[in-house]
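Participant: Sequence first, then the predicted structure, then my questions.
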Amino acid sequence: MEVIKIDELRKELMILDTHKIEPNYTELGRMYKMDYRTIKKYHEGYRGKSTTRSKVSILDQYYDEIKGKLNLPGAKIMSTYQYFNKKYENIGKYHNFVRFVNKHKLKPIKTAIKPHPRFETPFGKQLQFDWKEDVKMTNKYGELFQFNVFSAILSTSRMHVFIYSKYRTAEDVERCLIKVYEYLGGITEEALTDNMSSIVNNHRKKFTAEFLQFCKDLGITPKKCKKESPQTKGKDESSNRFVNWLVPYNNEFETEEDIINILAEITKDVNTVVNSTTGVTPIMLFEKEKEHLKPLPNKKVLDSYLTNSKEIIVPTDFLIYYRGSRYSVSPKFIGKKITFKEVNNKLHMYYNNDLISTHDINNKRINYNPNHYMEGLSEIMPYKTADDVNAMALENLKLFDNLTKEGNK
């Protein structure tokens, strides 16, 4: 309705009131092409619709919480929405969430965008993988958790898989790749990554013999590219953005198991988001790509890598190196070949299939079992009494602990 027409109507009604003439609403309606009831409303004081009307949003009650999550370093609107959508049932659609964020100027600060040329591969051809390193999260009790996320993506369908890992050793790479392929239900022709130090010889810039054998056993061809090269490994570099979906869960979880479960949920959620290049969700396109995957290797082959079983000849200090720390066996096994593997965060050591030592895996550099240490001292100092050996052992073990604490500061 034109503003000029309304102004003229108001003036005429005012003149009629001044001369105490009762308005003919029907006649005025014909003149101004309006319903007579509308004319009457204006005569009785109606001022028209307010131009400053503010509609209440269901998100208003969560304003402070949304603002807090979007202010976290690395926060994204989509990941924040996914978090709130799981936490509250009445959060609404994503486009309404974006409108609310824009209206209240809550958008997170954007980081610089690098050039990203497209690179496509046939169905079932390639899996790209990488580490999101040293992720730090604090649980609701203030306890700090530091871990890594193994991220993998099928190059064509963009199907993502995220695996929690405390370490980034060659064994962890092999274990995570197996877990990814088991999740996908098949094997790609090749696997692409950068110069990952645990599986690439830094001097020769080639894959280690152990990793090449692993790939041969699985039936895949390993490929290597320059670090962060968008032309070759861009899809997995971009998949690391989705790890930022962890950000809203900071201070919300309790245990390590919670983080693992959250990553599993993020894996599902990411694969239901429409990809801007393909125009469909990864899970939908994966229905086609999985037809082109090769069958999984024999279960015995996979299990042989999942057990992380290794062989080593026991050195003269009877300490076995594992994940940056050393753990003891009895000195009577010096010079003999033993096997060891990790089971439920414990290191199990075997000789001729007999369990000879068990240690909790930790960050201490040297982990001597007191009995092993006293046994070793007794052999090199047979002239000492048992009490003297015991006292010397306790003193030296205390020194080892102090050195470890100083080294970790």
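Facilitator: Received, thanks.
Participant: Quick check: Thr121 vs Ser276, distance?
Facilitator: 18 Å (CB to CB, to the nearest Å). C-beta coordinates here come from the backbone N, C-alpha and C atoms, glycine included.
Participant: Those two: which is more packed in?
Facilitator: A count of neighbours by other CB atoms under 10 Å puts Thr121 above the other of Thr121 and Ser276, at 17 against 7.
Participant: was I right about the more buried one contacting Ser157?
Facilitator: No. Counting by CB atoms under 8 Å, Thr121 does not reach Ser157; the two are 10.5 Å apart.
Participant: the strands in this protein, which residues?
Facilitator: With DSSP state E, the ranges of strands along the chain come out as 126-138, 144-154, 160-165, 190-193, 200-201, 206-207, 221-224, 310-313, 319-322, 325-328, 337-343, 346-351, 354-360, 366-367.
Participant: Save those as a markdown table, and put in mean pLDDT and mean neighbour count too.
Facilitator: What follows is the strands of the chain, written out as a markdown table (pLDDT from 0 to 100; neighbours: other CB atoms under 10 Å):
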| stretch | mean pLDDT | mean neighbour count |
| --- | --- | --- |
| strand 126-138 | 93 | 18 |
| strand 144-154 | 94 | 20 |
| strand 160-165 | 94 | 23 |
| strand 190-193 | 94 | 21 |
| strand 200-201 | 85 | 16 |
| strand 206-207 | 90 | 17 |
| strand 221-224 | 93 | 17 |
| strand 310-313 | 85 | 12 |
| strand 319-322 | 90 | 18 |
| strand 325-328 | 91 | 21 |
| strand 337-343 | 85 | 16 |
| strand 346-351 | 88 | 17 |
| strand 354-360 | 90 | 14 |
| strand 366-367 | 89 | 20 |
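Participant: of the ones you listed, which approaches Ile260 most closely?
Facilitator: Counting by CB to CB, Ile260 lies closest to strand 160-165 out of the strands of the chain; the figure is 4.6 Å.
Participant: Name every strand pairing with that closest one and say which way it goes.
Facilitator: Next to strand 160-165 in the sheet, as set by DSSP bridges, lie strand 144-154 (antiparallel).
Participant: The closest residue in space to Pro122 that isn't next to it in sequence: how many residues sit nearby?
Facilitator: Leaving aside its sequence neighbours, Pro122 sits nearest to Thr156 (CB to CB, 6 or more residues apart in numbering; 6.7 Å). If you count neighbours by other CB under 10 Å, Thr156 ends up with 22.
Participant: so how far is the first residue of stretch 17-31 from its last?
Facilitator: Across its full length, stretch 17-31 reaches 18 Å between end residues, using CA to CA, to the nearest Å.
Participant: distance between that stretch and the chain's centre?
Facilitator: The chain centre lies 71 Å from the centre of stretch 17-31; the measure is CA atoms, centre = their mean, to the nearest Å.
Participant: what's the closest of the strands of the chain to Lys40?
Facilitator: For Lys40, the closest of the strands of the chain is strand 160-165, at 63.3 Å, according to CB to CB.
Participant: Show me the contact partners of the closest one.
Facilitator: Residues from elsewhere that reach strand 160-165 (CB atoms under 8 Å, 6 or more residues apart in numbering): 147-153, 172, 175-176, 179-180, 183-184, 239, 242-243, 256, 259-260, 263-264, 266-267, 270-271, 282.
Participant: Which among those residues count as buried?
Facilitator: By neighbour count, with 16 or more other CB atoms under 10 Å, those hold 147-153, 172, 175-176, 179-180, 184, 239, 242-243, 259, 263, 266-267, 270-271, 282 as buried.
Participant: Could you tell me the backbone phi and psi angles at Ala381?
Facilitator: Actually, residue 381 is Met. It isn't Ala. Backbone torsions of Met381, given as degrees, to the nearest 10, read phi -130, psi 70.
Participant: which ones are touching it?
Facilitator: Met381 neighbours (CB under 8 Å, 6+ apart): Val389.
Participant: and the gap between it and Asp317?
Facilitator: Going from Met381 to Asp317 by CB to CB gives 16 Å.
Participant: hey, which helix or strand in this protein has the poorest pLDDT?
Facilitator: Lowest by mean pLDDT, DSSP states H and E among the helices and strands of the chain is helix 230-239, with a mean of 51.
Participant: pLDDT below threshold where in the protein?
Facilitator: Counting by pLDDT under 70, the ranges of the chain that qualify are 1-4, 48-55, 109-120, 226-240, 307-309, 403-409.
Participant: Tell me where the stretch 1-150 of the chain has helices.
Facilitator: If DSSP state H, counting those that start in this stretch is used as the criterion, the helices of the stretch 1-150 of the chain fall at 3-18, 25-32, 36-43, 63-70, 77-87, 94-103.
Participant: In JSON lines: those helices, plus distance to Tyr368 and mean neighbour count.
Facilitator: Compiled in JSON lines, the helices of the stretch 1-150 of the chain are given as follows (distance: least, CB to CB, whole Å; neighbours: other CB atoms under 10 Å):
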{"stretch": "helix 3-18", "distance to Tyr368": "89", "mean neighbour count": "12"}
{"stretch": "helix 25-32", "distance to Tyr368": "99", "mean neighbour count": "14"}
{"stretch": "helix 36-43", "distance to Tyr368": "92", "mean neighbour count": "16"}
{"stretch": "helix 63-70", "distance to Tyr368": "47", "mean neighbour count": "16"}
{"stretch": "helix 77-87", "distance to Tyr368": "45", "mean neighbour count": "19"}
{"stretch": "helix 94-103", "distance to Tyr368": "56", "mean neighbour count": "15"}
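Participant: out of the ones you listed, which comes closest to Asn250?
Facilitator: Smallest distance to Asn250 across the helices of the stretch 1-150 of the chain (CB to CB): 8.7 Å, for helix 63-70.
Participant: so how far is the closest one from its chain's centroid?
Facilitator: On CA atoms, centre = their mean, the centre of helix 63-70 falls 21 Å from that of its chain.
Participant: swap in stretch 161-179?
Facilitator: 13 Å.
Participant: Check stretch 301-319 too.
Facilitator: Relative to the mean C-alpha coordinate of its chain, stretch 301-319 is positioned 30 Å out (CA atoms, centre = their mean).
Participant: can you tell me the distance between the two ends of that stretch?
Facilitator: Terminal-residue distance, stretch 301-319 (CA to CA): 29 Å.
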